[in-house]
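> structural data only, the sequence is not supplied:
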């Protein structure tokens with residue numbers, strides 16, 4: 001074909017090109033278009049079709065040139081601007097793409113694909129409200145367009161309109177139950193709503209439909225992380241990385257799982273790999289900060305937290321995490337500022353509210369602290385303990401005279417012991433009280449003789465009118481530092497058990513000291529609530545008979561206990577807390593770290609010498625050696641993070657001064 005080819009021949013060749021294109025013979029169509037353009041460089045239809053072909057082949061620079069040439073010939077066709085917008089979007093030029101879609105709509109407001117692509121560009125630009133409006137316009141013209149429903153749901157999710165977003169994805173699934181992307185989007189929204197169990201069910205549906213969908217495995221890992229199932233989360237994250245090596249979301253979820261497993265060094269290596277592949281990512285800096293938190297390297301964690309904020313200063317989670325590190329470093333005013341900043345950025349985010357509450361309680365600001373402490377039920381860590389009942393929550397407003405209230409335990413065993421002091425106060429309001437607690441408390445709490453019933457957790461419950469978690473009772477009664485009930489002790493040991501354990505212990509020849517050196521292995525704060533037994537014993541003075549109050553001991557501790565004649569350990573003979581209470585009654589003092597057993601000794605009014613980590617629980621407050629919750633407890637605080645010897649030596653000196661005069 002030559003430059004003198006008549007227009008009729010060009011038209012015939014283009015007709016062939018168009019036919020071959022629609023038959024899937026793209027290479028032949030491209031060759032024919034180029035033949036036309038050599039003869040007639042401004043052949044509009046060939047420029048347009050060749051632009052589409054090169055765009056499909058991701059040759060975007062060439063496609064853009066061809067499409068702009070076509071537009072210069074005829075700028076009245078909205079499809080030309082839609083196609084050019086697509087090419088610009090694929091090059092990451094979202095603002096320029098948006099201008100193309102707006103020009104298409106200026107030509108014809110009723111073009112659904114212009115609205116749809118406009119929505120995609122707006123979403124990429126973070127303009128989620130406008131994106132949602134564009135997808136709604138698509139659905140006005142084309143109600144059955146499932147991709148528009150999915151993207152409308154994604155936009156509403158970003159606007160935190162989670163209920164509406166979920167409805168969009170379920171609309172898709174009502175039409176096509178095998179739409180894996182709708183199931184996957186449903187997972188994302190359910191996790192935002194905190195319904196992780198249902199999200200997990202949807203995750204399984206995604207992967208049954210598309211077992212090689214990387215985002216499906218990523219969301220499965222994220223959901224398992226939210227549920228605290230870190231071993232499973234790690235497996236799923238590694239599967240996503242097998243399918244897509246170097247995938248940033250896969251690395252982030254793997255790092256989060258390793259943090260959950262307290263494998264700080266492994267988590268740091270994972271995040272460092274992500275940082276090499278994706279330099280400057282704020283969420284990777286944040287993950288690194290949490291990895292260093294696991295390793296108790298707080299200053300380094302703070303540095304990474306501040307790097308995350310430098311990248312994204314308006315990210316509420318990052319501000320909250322910085323506040324957490326500052327709090328751990330005892331920079332309380334700065335921590336408070338971070339928590340306030342986080343709540344200003346996102347008033348619905350629970351963690352900064354809770355962290356502010358814990359700080360306020362530590363500082364004795366109880367009125368505000370108890371209010372913020374209620375945010376615990378919205379956090380990932382505490383939400384797993386949330387109970388759902390069809391009866392209202394009681395927080396002190398409604399009269400209880402003649403009504404039945406269920407008081408139920410939550411979180412740790414120490415919290416249950418601290419809060420049970422409020423039981424007589426609820427009874428005094430005229431309520432019939434049903435108490436639901438863990439089995440080891442049943443015998444001990446039977447001393448509350450005006451309680452209607454004590455139910456082991458997990459058993460069937462009788463009917464009731466109200467319910468209240470035990471640790472919400474301080475709020476319900478408006479507790480201040482000066483109005484804490486029964487600080488001198490409110491539990492008593494069973495006389496028969498005291499007699500029985502007295503026989504087991506034998507005649508006392510020297511002062512007898514009870515020892516508590518570790519919390520449960522499952523406690524996420526174990527690093528703050530454990531001192532190695534060998535380290536504790538190496539600093540304690542001679543001249544005492546030491547008695548282990550621990551039921552559970554670590555394997556390495558068992559050998560030490562067998563080798564020491566001056567410490568007695570009864571292990572499984574301690575059947576429940578009533579046995580431990582009897583033991584506390586028979587020792588002259590308890591030396592221990594912050595565990596349920598130390599709370600028990602304080603609740604019994606027994607002398608307690610409590611060893612506290614550098615960052616103790618809120619109930620022990622700050623910078624004081626006494627405690628308003630338990631007046632018989634004397635506090636010995638770490639002055640250097642992780643340094644126990646100085647603290648134990650102080651305790652040893654106090655023991656000697658009191659008992660070895």
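All right, it came through fine. Treat the numbers as computed from the prediction; the structure is a model and nothing was measured. Residues are numbered from 1 along each chain as shown.

> which helices and strands sit right next to the strand or helix carrying residue 405?
Element membership for residue 405 (DSSP states H and E) is strand 404-408. Applying 3 or more C-beta pairs under 8 Å, 6 or more residues apart in numbering; DSSP states H and E, one finds that strand 404-408 makes contact with helix 423-428, strand 432-437, strand 466-469. C-beta: built from backbone N, CA, C; applies to glycine.

> what are the pairing partners of it, and which direction each?
Strand 404-408 has its sheet partners listed here by DSSP bridges as strand 432-437 (parallel), strand 466-469 (parallel).

> show me what whatever helix or strand comes next after that strand is packed up against.
Going down the chain from strand 404-408, the next helix or strand is helix 413-419, by DSSP H and E. Here helix 413-419 touches helix 596-603, going by 3+ C-beta pairs under 8 Å, 6+ apart.

> now the angle from the helix or strand just after the helix it packs on to helix 596-603?
Per DSSP H and E, the first helix or strand lying C-terminal to helix 596-603 is strand 608-612. Strand 608-612 and helix 596-603 are oriented at 140 degrees to each other (axes from the mean of the first three to the mean of the last three C-alpha atoms, to 10 degrees).

> how about residues contacting strand 608-612?
Strand 608-612 has contacts (C-beta atoms under 8 Å, 6 or more residues apart in numbering) with 531, 589-594, 598, 601-602, 620, 630, 632-638, 644, 647-648, 651, 654-655.

> filter those down to the buried ones.
Buried members of those, counted by 16 or more other C-beta atoms under 10 Å: 531, 589-594, 598, 601-602, 620, 630, 632-638, 644, 647-648, 651, 655.

> just checking, which of those belong to helices?
Counting by DSSP state H, the buried ones among the contacts of strand 608-612 place 598, 601, 602, 647, 648, 651, 655 in helices.

> now distance to residue 131 too, for these, in a markdown table please.
Listed next are these as a markdown table, based on distance: C-beta to C-beta, whole Å:
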| residue | distance to residue 131 |
| --- | --- |
| 598 | 54 |
| 601 | 59 |
| 602 | 56 |
| 647 | 57 |
| 648 | 60 |
| 651 | 62 |
| 655 | 68 |
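
> check those residues and tell me the two furthest apart.
602 and 648 (19.5 Å; C-beta to C-beta).

> quick check: buried residues in stretch 268-275?
Residues of stretch 268-275 classed as buried by neighbour count (16+ other C-beta under 10 Å): 268, 270, 271, 273, 274, 275.

> residue 360 versus the fourth one, what's the distance?
Taking C-beta to C-beta, to the nearest Å as the measure, residue 273 falls 39 Å from residue 360.

> over to the fifth one?
For residue 274, the distance to residue 360 equals 36 Å [C-beta to C-beta].

> ok, the second one next?
Distance of residue 270 to residue 360, computed by C-beta to C-beta: 35 Å.

> then residue 128?
Distance from residue 128 to residue 360, counting by C-beta to C-beta: 34 Å.

> re the thing from before, wait, which of the strands paired with strand 404-408 is closest to residue 92?
Of all the strands paired with strand 404-408, strand 466-469 comes closest under C-beta to C-beta, at 49.6 Å.

> can you list the neighbours in contact with that closest one?
The contact list for strand 466-469 (C-beta under 8 Å, 6+ apart) reads 387, 389, 391-395, 398, 400, 403-410, 476.

> how far is it from where the chain is centred?
25 Å (C-alpha atoms, centre = their mean, to the nearest Å).

> over to stretch 578-586?
Relative to the chain's own centre, stretch 578-586 is displaced by 38 Å; criterion: C-alpha atoms, centre = their mean.

> for stretch 555-574, same thing?
38 Å.

> give me the mean pLDDT for that stretch.
The average of the pLDDT scores along stretch 555-574 is 87.

> show me the contact partners of it.
504-505, 515, 517-518, 533-534, 537, 542, 544-551, 553, 579-580, 583.

> which other helices and strands does the helix or strand containing residue 256 contact?
Taking DSSP H and E as the criterion, residue 256 maps to helix 248-260. For helix 248-260, the elements it packs on are helix 214-226, helix 230-243, helix 264-277, helix 282-294, judged by 3+ C-beta pairs under 8 Å, 6+ apart.

> let me have those helices in TSV, adding mean pLDDT and distance to residue 177 as columns.
Converted to TSV, the helices and strands packed on helix 248-260 look like this (pLDDT from 0 to 100; distance: least, C-beta to C-beta, whole Å):
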stretch	mean pLDDT	distance to residue 177
helix 214-226	96	16
helix 230-243	97	23
helix 264-277	95	35
helix 282-294	96	33
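
> which of the helices or strands spans the residue nearest to residue 292 when sequence neighbours are not counted?
Spatial nearest neighbour of residue 292, chain neighbours left out: residue 301 (3.7 Å); criterion: C-beta to C-beta, 6 or more residues apart in numbering. Secondary structure assigned from DSSP H and E places residue 301 in helix 298-311.

> name the next helix or strand downstream of that helix, please.
For helix 298-311, the succeeding helix or strand toward the C-terminus, using DSSP H and E, is helix 316-328.

> helices or strands up against that next one?
For helix 316-328, the packing partners by 3+ C-beta pairs under 8 Å, 6+ apart come out as helix 282-294, helix 298-311, helix 332-345, helix 350-362.

> just put the ones you listed in CSV and tack on mean neighbour count and distance to residue 429.
Listed next are these as CSV, based on neighbours: other C-beta atoms under 10 Å; distance: least, C-beta to C-beta, whole Å:
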stretch, mean neighbour count, distance to residue 429
helix 282-294, 24, 42
helix 298-311, 19, 44
helix 332-345, 18, 33
helix 350-362, 23, 24
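
> tabulate those (CSV), appending distance to residue 494.
Formatted as CSV, the helices and strands packed on helix 316-328 follow (distance: least, C-beta to C-beta, whole Å):
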stretch, distance to residue 494
helix 282-294, 41
helix 298-311, 43
helix 332-345, 42
helix 350-362, 32
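
> of those, give the one that comes closest to residue 150.
Nearest to residue 150, of all the helices and strands packed on helix 316-328, is helix 282-294, at 24.0 Å by C-beta to C-beta.

> quick one, domains of the protein?
Residue ranges for each domain of the chain read 7-203, 404-483, 495-659, as given by automatic domain parsing.

> list phi and psi for the residue most central in space within the chain.
The centre of the chain sits closest to residue 380, judged by C-alpha atoms, centre = their mean, with a distance of 4.1 Å. For residue 380, the backbone dihedrals (degrees, to the nearest 10) come out as phi -60, psi -40.

> so what's it closest to, chain neighbours aside?
Setting aside the residues directly before and after it, residue 380 is nearest to residue 226 in space (C-beta to C-beta, 6+ apart), at 5.9 Å.

> give the contact list for that neighbour.
Neighbouring residues of residue 226 by C-beta under 8 Å, 6+ apart: 191, 196, 199, 380.

> and residue 625, which of the three is it?
Classification of residue 625 by DSSP: H, G, I helix; E, B strand; the rest coil places it in coil.

> how far away is it from residue 635?
In this view, residue 625 and residue 635 are 5 Å apart by C-beta to C-beta.

> hmm, who's touching the helix or strand hosting residue 12?
If you go by DSSP H and E, residue 12 is part of helix 7-22. Residues outside helix 7-22 that contact it (C-beta under 8 Å, 6+ apart) are 1, 26, 28-30, 32-33, 35-36, 39-40, 43, 45-46, 49, 53.

> for it, which positions count as buried?
Going by neighbour count (16+ other C-beta under 10 Å), the buried part of helix 7-22 is 9, 10, 13, 14, 16, 17, 18, 20, 21.
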